Structures are given as C-alpha cells and as structure tokens.
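Participant: need coordinates for the following:
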Amino acid sequence: MNLNPSTIQTPGFAHYNLAWSPFHTNRIALASSANFGLVGNGRLHLVSATPGPNGLPALSIDKYYETQDGLYDVAWSEIHENQLVTASGDGSIRLWDDLPIRAWQEHTREVFSVDWSNIKKDTFASSSWDGAVKLWNPERPRSIMTLQAHSACVYQAMFSPHQPDLLASCSTDGTVKVFDLRSQSYAPGTNSFTNPITAAALTIPASGTEILTLDWNKYRPMVLASAGVDKIAKIWDCRMIKLGEAPQVGGICETQLLGHEYAVRKVQWSPHRADVLATASYDMTCRIWTTAPAPGRQQLLHIHDPHTEFVVGCAWSLYDDGILASCGWDSKLNVFRM
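Facilitator: Below you'll find the predicted structure:
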C-alpha cells in the first residue's frame, strides 16, 4: 500500500463529505463549513485529481462557491455532468451548475445528507434532523414525496443501487429502516394501508446508540453496512423483506468490524469489490476492511492516519480500483491507494 497520500488543504473550512463525479474520473466535490459547521458560512469546493508521477493523482482546487450556511453533504447529478446538489445547515437544498440554479426550503432543520439515485436518475433524496426524508425531481419546485422516516434526526438516506424503489435511512434512534417507495404504508394495529408512506418495510434495531451512516453493498442486493456512536461497523443481511407485506423487524447481522476508538462517521462499500469497505471515524483515522478475510488473516486491511482532526468523509474512486479519498475537520482532503 502507498502510505503517502496526495493532499490538499482548504484553510478555515472543515470538510463534512466528498463525492467523486460519475462522469469524470478526476473530479471531486467537497462540502465544507466554517467553524467546524457549528456557526458561519459554507463552501463547495470542486477539486481536480489529475494523474501524478507516483501513481496517485495531483490535487488542485478548480473553483469554489460560498454559501450562507455550512454544507454537510454533496451529491453529483446522474443526468448532467456539471450539476450537483448540496445539503445545508439552514435546512436548504441547492442545485448547482457553476452557479446555484435552484433552491428548495422544505426541511425545518439541518439537511444532513443528499443522495442521487443511480437507477432512477431524475430523482434524489435528502434527510434532515427534522426526522423526514424527502424525494425530489430537480425540475420540480417542490418535493415529490415525504417519508416521516424516524421520530428523531435522520443522518443519512440512500437509494438501493439494485432496486430503484428501495431506500434506506438511519437515525439517532438507533435504527436502520428500509422503505419500499412503491407501496402505501401499512399502519400497525389497523390492518390497513395508509398514504403517505410512514412505515418502513423493514426496521433494523442496529444499535442502542445513534446510527450515523449506512451504505448498500454494490454487488450483494439487500446487504447493508451501518455504523455510528458504538464504534462498530455492522453488516446486515436484509433479504428477509417481503415487499408488499406487513412491516418486518429484524435483519441478520453477518459480521461486526471492531477497532475504531471513537464513533464511526462514514462507511462506504467499494464499487469494485464486494467484500471491501472503508470507514471514517472521529478517532482521526480512515480504515479499510474486508468481510471475507483469507484464513488466518484479519478483517482490517489498512489504517490511514495522517489526519489531525475528526475524519468524517470517505469515498472510493468510481473508476480506479483501490483509490480512496478521505476528508476531515483538519481541512484536508487526502487521496491514497490501497
């Protein structure tokens, strides 16, 4: 493994998350906030990662855009190569195309995640501290669906990469929920279905503490990873869901990945390997794991620890197997190769 990452720093702005472009191999978007996101403005950075002499990309900031409040997440459009959407601390969502071209203000608290469907490419989702998950079409002035997903803060919501109408969310209430967007909601105790959707097809009691992050496996349908305050990344087999039937409670925990010293803020499966995932943690490390270690080998493959503050974001390159980017509150973006 190459232990010397390519690095770029954005003084004064702590990073909250990053995303590689699905259209360009060398473009990264960074969502950042002044004063660690507690108060003040935000900034959207667009970074180029051009091939370098040591096998790692050379990083440079192409441009950046100021926002009135901190940015917590960013997602690239799956339709237009230069468009992306951001999640803001003031409850707003903005669509960018060199400039902000559209804004929505329906959430009543901070928007903490955005995710663009890679199957239903005209749809993206947002999740908020107000407990709601909303679905959006970038051409429409209002949301197209609202899920009253949790009774507390929803840290992340993500579309399944295998089935366009499945969406998973995680919350401070310690659960992971999977919603079937095609179905009306089954109301427990009434033996009837209601509209709009308020009940999940599957609820996983994933932890006794807050669940901060989740991700769908890119090769194994109905397999999810989750992690949070309990410092453990857990792998869930959700094949027990029977869509269209009464809500299920459960989920089988296939494995647990232990080693982080503080809360795990981000988990992401590799887009190239079914058994490899990365985690980012408040212990200032980004770690790479395998869920299928060779006999006698450990699940932990590598610890990336050049960061000097909380590591809150990580993302695999969509085109180059083994390239991972990490970002944190030290204002640094690191790119390194397994």
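Participant: so who does Ile8 touch?
Facilitator: Val47, Leu59, Ser60, Ile61, Lys332, Leu333 (C-beta atoms under 8 Å, 6 or more residues apart in numbering). From N, CA and C alone the C-beta is placed, and that goes for glycine too.
Participant: kindly report the same for Asp173.
Facilitator: His150, Ser151, Ala152, Glu210.
Participant: where does it fall, phi/psi-wise?
Facilitator: Dihedral pair for Asp173: phi -80, psi 0, per degrees, to the nearest 10.
Participant: gap between it and Asn26?
Facilitator: Note on Asp173: its distance to Asn26, by C-beta to C-beta, to the nearest Å, is 39 Å.
Participant: I figured Pro293 hits Gln299, correct?
Facilitator: Yes. Pro293 is in contact with Gln299 according to C-beta atoms under 8 Å; the separation is 5.3 Å.
Participant: the two: which is more packed in?
Facilitator: Taking neighbours as other C-beta atoms under 10 Å, Pro293 and Gln299 compare with Gln299 leading, 18 against 13.
Participant: wait, what's in contact with the more buried one?
Facilitator: Thr255, Leu257, Trp289, Thr290, Thr291, Pro293.
Participant: of the residues you listed, buried ones?
Facilitator: Buried members of the contacts of Gln299, counted by 16 or more other C-beta atoms under 10 Å: Leu257, Trp289, Thr290, Thr291.
Participant: what is the most widely separated pair among those residues?
Facilitator: Largest separation among these by C-beta to C-beta: Leu257 and Thr290, giving 9.4 Å.
Participant: any idea which element the closest residue in space to Ser169 that isn't next to it in sequence lies in?
Facilitator: Closest residue in space to Ser169, ignoring its immediate chain neighbours: Ala157 at 4.3 Å, by C-beta to C-beta, 6 or more residues apart in numbering. Take DSSP states H and E as the rule and Ala157 turns out to sit in strand 154-159.
Participant: other SSEs contacting that strand?
Facilitator: If contacts are counted by 3 or more C-beta pairs under 8 Å, 6 or more residues apart in numbering; DSSP states H and E, strand 154-159 sits against strand 111-116, strand 124-128, strand 166-171, strand 211-216.
Participant: so for Ile101, which of these sits nearest?
Facilitator: Evaluated with C-beta to C-beta, these place strand 124-128 nearest to Ile101, the distance being 14.4 Å.
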